[in-house]
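Visitor: after the sequence you'll find the predicted model.
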Amino acid sequence: QVQLVESGGGLVQAGGSLRLSCAASGRTVSTYAMGWFRQAPGKEREFVSVISRSGGNLYHADSVKGRFTISRSNAKNTFYLQMNNLKPEDTAVYYCAAHETSYSGSYYLNGYEYDYWGQGTQVRVAS
């Protein structure tokens with residue numbers, strides 16, 4: 001069992017930056033691919049970014065490419081989402097998720113593929 005806790009959300013002006021963290025406990029996340037998803041009011045949850053177990057493969061949604069960067073520290077059992085040049089349309093609750101995998105380079109884009117979820121952290125971007 002893995003427990004995930006997000007932090008780092010808040011209110012920021014358009015063009016600003018935030019760094020979200022997802023701290024894991026219960027088990028080491030070195031055997032997990034880790035993803036970030038978000039859900040805006042009235043919208044379905046959507047994929048944002050994912051990093052493979054090894055950290056060698058990353059994938060970002062087109063809407064955040066060039067602005068968001070996912071990273072991980074297996075030593076700290078934590079992974080991150082650096083968000084730059086934020087836009088009002090980035091306003092959402094952001095969730096981290098973990099998928100246990102035997103494949104070090106694999107990553108997963110669909111929420112149903114993930115085994116564990118955090119409680120979410122609110123990001124608001126003011127125009």
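Guide: All right, it came through fine.
Visitor: look at the spatially closest residue to Lys76 that is not a sequence neighbour and report its pLDDT.
Guide: Of all residues not flanking Lys76 in the chain, Ala23 sits nearest, at 7.9 Å (CB to CB, 6 or more residues apart in numbering). For the C-beta atoms, the positions are set from N, CA and C on the backbone; glycine is no exception. Looking at Ala23, its pLDDT reads 96.
Visitor: wait, Ala23 sits on Thr78?
Guide: Yes - counting by CB atoms under 8 Å, Ala23 touches Thr78, with 5.0 Å between them.
Visitor: more crowded one of the two?
Guide: Thr78 (19 against 16; other CB atoms under 10 Å).
Visitor: now do the contacts for that one.
Guide: Counting by CB atoms under 8 Å, 6 or more residues apart in numbering, Thr78 touches 21-24, 72.
Visitor: quick one: which of these is most hemmed in?
Guide: In terms of neighbours by other CB under 10 Å, the contacts of Thr78 top out with Cys22 at 27 neighbours.
Visitor: now for the one helix or strand that one maps to, which elements pack on it?
Guide: Assigned by DSSP states H and E, Cys22 belongs to strand 18-25. Under the contact definition 3 or more CB pairs under 8 Å, 6 or more residues apart in numbering; DSSP states H and E, strand 18-25 sits against strand 3-7, strand 32-39, strand 78-83, strand 92-100, strand 121-126.
Visitor: what lines up beside the shortest one in the sheet?
Guide: Think strand 3-7. Within its sheet, and counting by DSSP bridges, strand 3-7 is paired with strand 18-25 (antiparallel).
Visitor: so who does the residue nearest to Lys76 touch?
Guide: 4-5, 7, 76-78.
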